[in-house]
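**Q** Just the structure for this:
(one chain, ligands or ions: 2)
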Amino acid sequence: MDYDRFISIERMEQATESLLENGRKVGADSWQQRVKNQSPQCEFGESGTCCRICSMGPCRITPKSPRGICGCDVHGIVGRNYVRFTAGGAAAHSDHGRQIMHTLYETKEGGAYQIKDPDKLKRIADEWGVESEGKDIYDLAHEMAYKGLLEYGKPFGEQLFAQRAPEHTRELWEKAEIMPRAIDREIATSMHMTHMGNSSLAEALIRQSLRTGLCDGWGGSMMGTEFSDVMFGTPKPLDTTANIGVMERDMVNIVVHGHDPSVSEMVVFYANDPEMIALAKSYGAKGINVVGVCCTGNEVAMRQGIPMAGNFLAQENIVLTGACEAVVVDVQCIFPALGPLSKCFHTKFITTSPIARMPDSEFIEFHEATAAANGKAIVKMAVENYKNRDWDLLNIPDLKTEARVGYSVEAIKKCLDGVTNSHVDELGTLKPLRDVVKAGVIRGAVAMVGCNNPKVRPDTAHIQLMKKLIANDIIVIVSGCSAQAAAKAGLMSLEAKELCGEGLKRVCELVGIPPILHMGSCVDISRMMVLASDLSKDWGVNISQVPVVGCAPEWMSEKAVSIGNYVISTGIDTFLGVDPYTKGSSEVTELLQGEQGVKDWVEACFTVETDIEKMGDMMIQRIEDKRAALCI
Ligand code: BF8
Ligand code: SF4
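**A** Ligands and ions are numbered 1, 2, ... in the order given. Reported below is the predicted structural model:
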């Protein structure tokens, strides 16, 4: 199959339509149909004004009934719902981080999990005050894993990684009383505060939301990212492919989906095992093709060059091709619909985590200690399923793009350093980036993140905004499903420089980068925090002054709310395309979006805007305002 330079939304939609047609032949359900079944959606839920925290409720706030049975007003109800939304997201991200720390604890010489980036481990040990000199690298890994796990429940003190933030940011956190403590404590406090008969003061609830977000972004997520790099390698630029056409007609297709790379790394390893490849050939396949969906897809794309088959709302499409031997999932963002859907085809739906158990799946429990055997069993099950394919149902749309991925902070510094020869230290420097932004060759940066949501025409907001921003010389850094939207459209190829303004185009040519930089999965938004923090220190200005904004135009998950809280707490204005169920309270809306709340505490706030063109204009304006304030 040839590669497409760029793929339009319309072509992707036509492909989806042909896949849905495939599904109709076998009586498959679809999210498109379920959206119709669920419409109209509940307005109380949407505005955040329904409380069912105790069984005197549910209480719904209307002009006729302005208080719940306990007397809680609308601001308390909306605020409590918002804290719980955040806590759910922080718990998910941080538990993923915890899993990574357990995997780190299982590393050993010659074992299933090893240390691929020992220098990074030593650097973090140094930051955490752990002596690494003269220690066996695996002893150090185990010591660091133990110390990292204590970050979840230590009785006193703040998150160790919070020390990375600039002095000024830390002062703001102290003053606002949002410095993140132990991760489990912030999540438990959020649940406790919102129990019936506790906090109903909106301001206190929003402060706790920020603090809980921070324990995720500068705690659990950051550990997830940093120690995944230590074990699986710190991403460097590499080429891969994207969109549904990465499924191969004559190969065993295994889709890895979810978030935790501990599982997918093993699947990728055994898909390359000569014994497994020989087995696949014995069934008539040409080999084994592993492709990724959602953030697991990002993880293995960034480190192994595994093709990215699709993002959140494309997950059913993968099965609908009829070419999928197995969908192997770990945790988060997995549609329970995949169970019944896989039954309409020959696909094996393999769940692996006790955290994500689903009906109609085959459960192969994945343990760090037995990872190799588990990984091999999964690949074998997929290979043996090739013979059950119904060739009449095969429909792989002809859509495939090229993408360059792998821009960790380390990789970005190295790329920039290579151009200027301003070799400062072995880790490189952000000075060239600062200089081109100062000179106005690049006007600024947008960190675009988050999901798809049927409330927004899938991928349109991501793609439309990215095109507008790069045309205006604004570089875009991406993660999660936003990254995959870019890759599917071809915006992550070097060719995408043709869509840029003159300044950004020159930089892309000189440095040899695409204008949209893939920084990884959603836990990797912590990379963006480190980048912003390093840039601000290098520049000698506060993070809130750097011409950078955040954006989640199609977000849907609790994790995205947690992310939003830590991104604004870090000093980065953030634009949302979907309201976080807060519009029912003028007080909560003012705290999150106005001048008097979070803006005052942490120098950044949210803007909610559903008109995409308008949102793009507002982000460009915000970047220009920040430039003007810096007199650049
Ligand atoms: O953590 S962007 S749909 S896959 S929540 Fe989920 Fe959203 Fe995708 Fe990754 Ni992030
Ligand atoms: Fe109703 Fe108050 Fe109970 Fe919520 S906590 S359900 S508002 S009585």
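**Q** Tell me if I am right that residue 245 is in a strand.
**A** No - secondary structure assignment places residue 245 outside any strand; it is helix (DSSP: H, G, I helix; E, B strand; the rest coil).
**Q** which one is it nearest to, not counting chain neighbours?
**A** Excluding the flanking residues, the one nearest residue 245 by Cβ to Cβ, 6 or more residues apart in numbering is residue 400, at 3.5 Å. Quick note: C-beta positions are derived from backbone N, CA and C, even for glycine.
**Q** Just the pLDDT for that neighbour.
**A** We have a pLDDT of 97 for residue 400.
**Q** looking at the chain, which helix or strand does the model trust least?
**A** helix 409-420 (a mean of 86; mean pLDDT, DSSP states H and E).
**Q** Check which residues of that one are buried.
**A** In terms of neighbour count (16 or more other Cβ atoms under 10 Å), helix 409-420 has its buried residues at 409, 410, 411, 412, 413, 414, 415, 416, 417.
**Q** buried ones in the following helix or strand past that helix?
**A** As assigned by DSSP states H and E, the chain's next helix or strand after helix 409-420 is helix 431-439. Going by neighbour count (16+ other Cβ under 10 Å), the buried part of helix 431-439 is 431, 432, 433, 434, 436, 437.
**Q** Average pLDDT for helix 431-439, rounded please.
**A** Mean pLDDT, computed over helix 431-439, is 93.
**Q** quick one: contacts for residue 184?
**A** Contacts of residue 184 were listed using Cβ atoms under 8 Å, 6 or more residues apart in numbering, and they are 94, 152, 153.
**Q** let's go with 7 Å and repeat that
**A** Residues near residue 184 by Cβ atoms under 7 Å, 6 or more residues apart in numbering: 152, 153.
**Q** quick thing: my sequence starts at 24, can you match it?
**A** Sure, I'll start numbering at 24, so the last one becomes residue 207.
**Q** Please work out the angle formed by the directions of the least confident helix or strand of the chain and helix 454-462.
**A** Comparing the axes of helix 432-443 and helix 454-462 via axes from the mean of the first three to the mean of the last three Cα atoms, to 10 degrees yields an angle of 80 degrees.
**Q** which residues sit against helix 432-443?
**A** 257-260, 446, 450-453, 455-456, 533-534, 536, 540, 550, 553-554, 557.
**Q** how close does residue 579 get to residue 52?
**A** From residue 579 across to residue 52, the span is 19 Å (Cβ to Cβ, to the nearest Å).
**Q** And those two? Which one has more around it.
**A** residue 579 (20 against 14; other Cβ atoms under 10 Å).
**Q** Give the full set of residues in contact with the residue nearest to the more buried one when sequence neighbours are not counted.
**A** Excluding the flanking residues, the one nearest residue 579 by Cβ to Cβ, 6+ apart is residue 476, at 4.0 Å. Applying Cβ under 7 Å, 6+ apart, we find residue 476 in contact with 577, 578, 579, 601.
**Q** In three-state terms, how would residue 476 be classified?
**A** Using three-state DSSP, the structure places residue 476 in coil.
**Q** Tell me which other helices or strands the helix or strand residue 574 falls within touches.
**A** Using DSSP H and E, residue 574 sits in strand 571-575. Applying 3 or more Cβ pairs under 7 Å, 6 or more residues apart in numbering; DSSP states H and E, one finds that strand 571-575 contacts strand 467-471, helix 581-592, strand 597-599, helix 635-652.
**Q** name the helices or strands packed onto the second one?
**A** Just to be clear, that refers to helix 581-592. For helix 581-592, the packing partners by 3+ Cβ pairs under 7 Å, 6+ apart are helix 97-128, helix 225-238, strand 571-575, strand 597-599, helix 621-625.
**Q** and if you look at the first one?
**A** In this structure, strand 467-471 makes packing contacts with helix 483-494, strand 497-501, strand 571-575, helix 635-652, judged by 3+ Cβ pairs under 7 Å, 6+ apart.
**Q** Please apply the same query to the longest one.
**A** Applying 3+ Cβ pairs under 7 Å, 6+ apart, one finds that helix 635-652 contacts strand 467-471, helix 483-494, strand 571-575, strand 597-599.
**Q** that older thread, mean neighbour count, the helices and strands packed on strand 571-575: which tops it?
**A** Greatest average neighbour count among the helices and strands packed on strand 571-575 goes to helix 581-592 (a mean of 28), per mean count of other Cβ atoms under 10 Å.
**Q** so which of the helices and strands packed on helix 581-592 gets nearest ligand 2?
**A** helix 97-128 (5.9 Å; Cβ to the nearest ligand atom).
**Q** what about the helices in the stretch 174-323 of the chain?
**A** 190-198, 206-216, 225-238, 244-255, 284-294, 297-305, 317-327 (DSSP state H, counting those that start in this stretch).
**Q** Could you check how sure the model is about the fourth one, as an average pLDDT?
**A** The predicted model gives helix 244-255 an average pLDDT of 98.
**Q** circling back to that earlier point, what angle do the least confident helix or strand of the chain and helix 244-255 make?
**A** 70 degrees.
**Q** how far is helix 432-443 from where the chain is centred?
**A** Centre-to-centre, helix 432-443 and its host chain are 23 Å apart (Cα atoms, centre = their mean, to the nearest Å).
**Q** for stretch 630-640, same thing?
**A** Offset of stretch 630-640 from its chain centre (Cα atoms, centre = their mean): 21 Å.
**Q** Ligand 2 contacts on the stretch 74-223 of the chain?
**A** Contact residues (Cβ under 6 Å from any ligand atom) of the stretch 74-223 of the chain with ligand 2: 74-77, 79-82, 91-93, 95, 100, 219.
**Q** and the gap between the residue of the stretch 74-223 of the chain found nearest ligand 1 and residue 420?
**A** Using Cβ to the nearest ligand atom, the closest approach of the stretch 74-223 of the chain to ligand 1 is made by residue 116 at 7.8 Å. Remark: distance between residue 116 and residue 420 (Cβ to Cβ) = 33 Å.
**Q** So which of those two has more stuff around it?
**A** Taking neighbours as other Cβ under 10 Å, residue 116 and residue 420 compare with residue 116 leading, 32 against 20.
**Q** how about the more buried one, what does it touch?
**A** Residue 116 sits in contact with 239, 243, 244, 247, 546, 582, 585, where contact means Cβ under 7 Å, 6+ apart.
**Q** Without its sequence neighbours, what residue ends up closest to the first one?
**A** In this structure, residue 239 finds its nearest non-sequential neighbour in residue 113, 3.9 Å apart by Cβ to Cβ, 6+ apart.
**Q** I'd assumed residue 586 was in contact with that neighbour.
**A** No - proximity of residue 113 to residue 586 does not meet the contact threshold set by Cβ atoms under 7 Å, at 9.3 Å.
**Q** With residue 315 as the reference, name the closest of the helices and strands packed on helix 581-592.
**A** Ranking those by proximity to residue 315 (Cβ to Cβ) places helix 97-128 first, at 15.9 Å.
**Q** Using a markdown table, please lay out the helices and strands packed on strand 467-471 together with mean pLDDT and distance to ligand 2.
**A** Shown next, in a markdown table, are the helices and strands packed on strand 467-471 (pLDDT from 0 to 100; distance: least, Cβ to the nearest ligand atom, whole Å):
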| stretch | mean pLDDT | distance to ligand 2 |
| --- | --- | --- |
| helix 483-494 | 98 | 34 |
| strand 497-501 | 98 | 39 |
| strand 571-575 | 98 | 28 |
| helix 635-652 | 98 | 34 |
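**Q** Can you check which of these gets nearest to ligand 1?
**A** Between the helices and strands packed on strand 467-471, strand 571-575 lies closest to ligand 1; by Cβ to the nearest ligand atom that is 8.4 Å.
**Q** Check whether that closest one comes close enough to ligand 1 to count as a contact.
**A** No - Strand 571-575 is not in contact with ligand 1 by Cβ under 6 Å from any ligand atom; minimum separation 8.4 Å.
**Q** Equivalent analysis for stretch 600-610, please.
**A** No - Stretch 600-610 is not in contact with ligand 1 by Cβ under 6 Å from any ligand atom; minimum separation 11.5 Å.
**Q** gap between the two ends of that stretch?
**A** 20 Å (Cα to Cα, to the nearest Å).
**Q** No further questions, thank you.
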